[in-house]
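Student: Dropping a prediction and its sequence here:
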Amino acid sequence: GERNYSWFSSSDFYSSLGLEDFPSVGDISGTEEDTESAILYGTLRGSVVGLRYYTGIVNNNEMVALQREPNNPYDKNAVRVNNVNGDQVGHIKKELAAALAGIMDSKLAVVEGVVPYGAKNVFTMPVQMSFWGREENREAVVDQLKKHGFKLAPPLKGKFGSKWISGRAGPSYSAPVHAAVQLTTEQLKSEFDKLFEDLKEDDKTCEMEGAETVGTLLLPHQKQALAWMVSRENSNDLPPFWEERSNFYYNILTNFAEEKRPENVRGGILADDMGLGKTLTTIALILTNFQDGKPLPVERITNDNPECCKLLRLSEWLQGTIRFLNFYFALNVQSVEKKYSDDGPRATLIVCPLSVLSNWIDQFEQHIHQDFNVNIYVYYGSDRSKDPSVLSEQDIVLTTYNILATDYGMRGDSPLHRVKWLRIVLDEGHTIRNPNAQQTKAALNLEGHRRWVLTGTPIQNSVKDLWSLISFLKLKPFTDREWWHRTIQRPVTMGTAGGLGRLQSLIRSITLRRTKTSKVKGKPVLELPERKVLIQHVTLTEEERQVYQSVKEEGKAAISRFFSEGTVLAHYADILGVLLRLRQLCCHPHLCVNTSSSFSADNKTPEELHETLVNKMKLVLSSGSDEECAVCLESLTVPVITRCAHVFCKPCIFEVIRSEQPNAKCPLCRNGLRVEHLVECPLEEEIDSSNGKKSDQEWISSSKINALMHALIELRRDSPNAKCLVVSQFTTFLSLIENPLKESGFAFTRLDGSMAQKKRVEAIQCFQSSQAGSPTVMLLSLKAGGVGLNLTAASRVFLMDPAWNPAAEDQCFDRCHRLGQKHDVVITKFIVKDSVEENMMKIQNKKRELAAGAFATKKPSASEVKQTKINEIKALIDL
DNA sequence: ACCGCCGGGTGCC
DNA sequence: ACCGCCGGGTGCC
């Protein structure tokens, strides 16, 4: 049910159309083995030579990595052999290297090695090689080998029993087994769910009080989390899969051994559900565990030292961006510097998405005891300090993934990367799930021993997503993708026996996860009131229906044409536009007056073309299709639009163009791409394409507004004190609703993305107030505010229009259905009968099913993906 | 002897 | 490397 669903959040418009799986999208990274379709061609015995020249040692049955060395001065075919630690063991004998070089360079196969025996040899040792690749390359690989006089031994089938299938380096020149029975999606999923059952492990149920600097009382589950985090930071346990043997340490997955004790990560993944207080727990950790369980030393503000004032923090919000300036009194700076100058690192770095930056600031203000002076620096904005020592002197530095990536981009001069941090916290850590994204590389290269990932959804789509997180945590040997892939990812995705078990023990040892339904001492973590979702159908008036039908027929005709021309993807923005207009018409006829349809972009001046593109981009961004870049799968931060009207992150699409030059193609539709054709658009917090000039139009009602007003008035009659949220994706619609609210004498307030921070805070405080005469209605735009937004005063929600992404709706509902809610929450969704809205609901449901089965092993084929996508567009517009 | 055979020097790519 | 290979020394029985 719900708890598992929240682990997966693939859902967005792209996935509903199957676009994120569009074959060409995956080609971008290129180098990586395609896990889903890689098979084992066979094995080959070869030899490693030149052992005496290198220091790298191996054990019998230890995995080794084969690495091309094209610049070797003696042989351009050279292939070096490294042990798990990355130390060179030797080279592949030259005749064999000559055969491998071509195969490896052209990426026809991935070649993996295991040294079966002879590890103690002085001059040469045998190596058992496995060749993995896609079926269509098998013949080419076999031919290539044959040319050099080598022949693959067929992969051994599962007849050797589970020990061989386990994927260990094992006694196995028996390669593990593509013939192993694959688990069904359902089996995999239920296996995976077990990861988080049975959390009564002792080390996770101890409680710990926060230091006195923590100004808020922690709930029991937060005290548990604090105790767990502190113990993770202070303990010296071995990392998972390592054993202490007589005088060395042994990795049971790769059979690698070393004398040096492998360091365990002083951190882990806090994967609690949203709303359980990951932020508060992290603040408590920072304040409570500075060194050896001692609290962070901070200035106490007392009557004796009035001149040592609390830092004056001045926050200033400009156009949705944040300037956060710290003013120090000279005295203060000195005393702070003196106190810590001879210690090691003391600053904690917190990286978060921009959307939750303000939430962190709020939470600091709320949870750091007011009598204490904690130095917090918000490293954001163009005036951020380039001096690393300014950062290292802080207690806490807060920044965003984008700043992190931008700074890292200007090589060598990133202050964030020059500081040795006491602790690094990645909030919404799944942000770095794409190993090729700049922000991931930037995060992996931060320095600091205590490393934490906060996320409610560590796995977005597949096990693959975990690698970046594990690598960030610096867990040996997984920091290198090859070992992660060979020991965990491939066994899991191939359903190899023991694979899931390994993943399980790995995750368990570094993760704490509680859901809203988890229990502490027999009691639910959070005792939340019930939450009910009602669907209220709305029937359009005759007049409304007529307008709707005519727009629908026009759009349908256009889309049919795209289908027959085979240009569906090229007209992506146009199709979204048609659907958007239909969705707007379901709400109110005035919403879509301004979006004229222009299906032809030909014969335009560059200026007109530019404007058309910007408009298309705004359309894509505002259509609720969940602004996500198809390259990195992240939310768009610096969106650019291509001439073919597809929107990507600027750095992502630049990377595509750079790597594919000179003939780069759009990842979505394979049209030509050129840097000079890309159009940039500043991402405002909220873009509403329909912000037409309603002032010169006479106000009229609509069926949906009538339905809403009817419900509101009924609610006021039955429970006059009940407060409610009226939610829409269209801020113009919210404006239209203001009218009848005033007429019927409702006190209301409003919160949308375009409002300045100060006004937001006012609106929220005003609405949350229980004073007589305080507003009972809040007009809320669906995506306004970060995850932290707390609107628990409301116990009713009216969702005026459905979102593409059910998760976006859920997140919105959670703003009132969260800690502090005292009443049952009733949510009413208004859905127009026989309309695109009903179709969207169907797709939402499909999406929930899809998310539930997101652990699928089998990737649908390109044609299946295409068919699904086409079916869904057809379903949306009743084609 | 434009060979065989011996035994020392030597050794990845 | 307790190998192979190289190339110099050597040469009936």
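Tutor: Now that the structure is in, tell me what you want to look at.
Student: For chain A, which helix extends over the most residues?
Tutor: helix A:542-565 (DSSP state H).
Student: now for that helix, which elements pack on it?
Tutor: Using 3 or more Cβ pairs under 8 Å, 6 or more residues apart in numbering; DSSP states H and E, the elements in contact with helix A:542-565 are helix A:572-587, helix A:862-876. Placement of C-beta: from N, CA and C, glycine included.
Student: Give me the neighbour count for residue A:206.
Tutor: 13 (other Cβ atoms under 10 Å).
Student: For it, give me its contacts.
Tutor: A:224, A:227-228, A:231 (Cβ atoms under 8 Å, 6 or more residues apart in numbering).
Student: now, among those, which is nearest to DNA strand C?
Tutor: If you rank the contacts of residue A:206 by distance to DNA strand C using Cβ to the nearest atom of the strand, residue A:231 comes first, at 50.4 Å.
Student: number of nearby residues for that closest one?
Tutor: Residue A:231: 16 neighbours (other Cβ under 10 Å).
Student: Check the one 10 residues further on too.
Tutor: Residue A:241 has 21 neighbouring residues, counting by other Cβ under 10 Å.
Student: what do you get for residue A:648?
Tutor: Neighbour tally, residue A:648, other Cβ under 10 Å: 26.
Student: So which of the helices and strands packed on helix A:542-565 is the most surrounded?
Tutor: helix A:572-587 (a mean of 24; mean count of other Cβ atoms under 10 Å).
Student: so how far is that one off the chain centroid?
Tutor: On the basis of Cα atoms, centre = their mean, to the nearest Å, helix A:572-587 sits 27 Å off its chain's mean C-alpha point.
Student: now it and helix A:542-565, what's the angle there?
Tutor: 160 degrees (axes from the mean of the first three to the mean of the last three Cα atoms, to 10 degrees).
Student: What mean pLDDT does helix A:572-587 get?
Tutor: The pLDDT scores in helix A:572-587 average 85.
Student: And for stretch A:433-444?
Tutor: 92.
Student: before we move on, back to that, which one of the contacts of residue A:206 is nearest to residue A:398?
Tutor: Proximity of the contacts of residue A:206 to residue A:398 (Cβ to Cβ) peaks at residue A:228, which lies at 23.3 Å.
Student: Next, find the distance separating the closest one from DNA strand B.
Tutor: Residue A:228 sits 48 Å away from DNA strand B, going by Cβ to the nearest atom of the strand, to the nearest Å.
Student: quick one: contacts for residue A:70?
Tutor: By Cβ under 8 Å, 6+ apart, residue A:70 lies in contact with A:76, A:78, A:101, A:105.
Student: oh, I was asking about residue A:369
Tutor: Here residue A:369 is in contact with A:212-215 (Cβ under 8 Å, 6+ apart).
Student: now do 6 Å
Tutor: Contacts for residue A:369 were tallied using Cβ atoms under 6 Å, 6 or more residues apart in numbering; they are A:213, A:215.
Student: Check what pLDDT the residue of the stretch 601-750 of chain A found nearest DNA strand B gets.
Tutor: Nearest residue of the stretch 601-750 of chain A to DNA strand B (Cβ to the nearest atom of the strand) works out as residue A:659 at 29.0 Å. Model confidence at residue A:659, expressed as pLDDT, equals 78.
Student: Count the residues that sit near it.
Tutor: Around residue A:659 there are 12 residues (other Cβ under 10 Å).
Student: same for the helix or strand containing it, what does it pack against?
Tutor: According to DSSP states H and E, residue A:659 maps onto helix A:650-660. Under the contact definition 3 or more Cβ pairs under 6 Å, 6 or more residues apart in numbering; DSSP states H and E, helix A:650-660 sits against no other helix or strand.
Student: Which elements pack onto the next helix or strand after it?
Tutor: The first helix or strand that comes after helix A:650-660 along the chain, using DSSP H and E, is strand A:679-680. Here strand A:679-680 touches helix A:606-622, going by 3+ Cβ pairs under 6 Å, 6+ apart.
Student: In contact with the closest residue to DNA strand C within chain A, which residues?
Tutor: Here chain A gets closest to DNA strand C at one residue, residue A:123, 3.6 Å apart by Cβ to the nearest atom of the strand. The contact partners of residue A:123, by Cβ under 6 Å, 6+ apart, come to residue A:51.
Student: run the last query once more with 7 Å
Tutor: A:51-52 (Cβ atoms under 7 Å, 6 or more residues apart in numbering).
Student: Need phi/psi at it.
Tutor: Dihedral angles of residue A:123 (phi, psi; degrees, to the nearest 10) stand at phi -110, psi -50.
Student: go on, the one 3 residues further on?
Tutor: Comment: the main-chain dihedrals of residue A:126 come out as phi -80, psi 160, following degrees, to the nearest 10.
Student: Tell me the predicted confidence for it.
Tutor: 95.
Student: So what sits opposite it in the bridge?
Tutor: Counting by DSSP bridges, residue A:126 forms beta bridges with residue A:47.
Student: what's the burial count for it?
Tutor: Using other Cβ under 10 Å: residue A:126 sits among 17 other residues.
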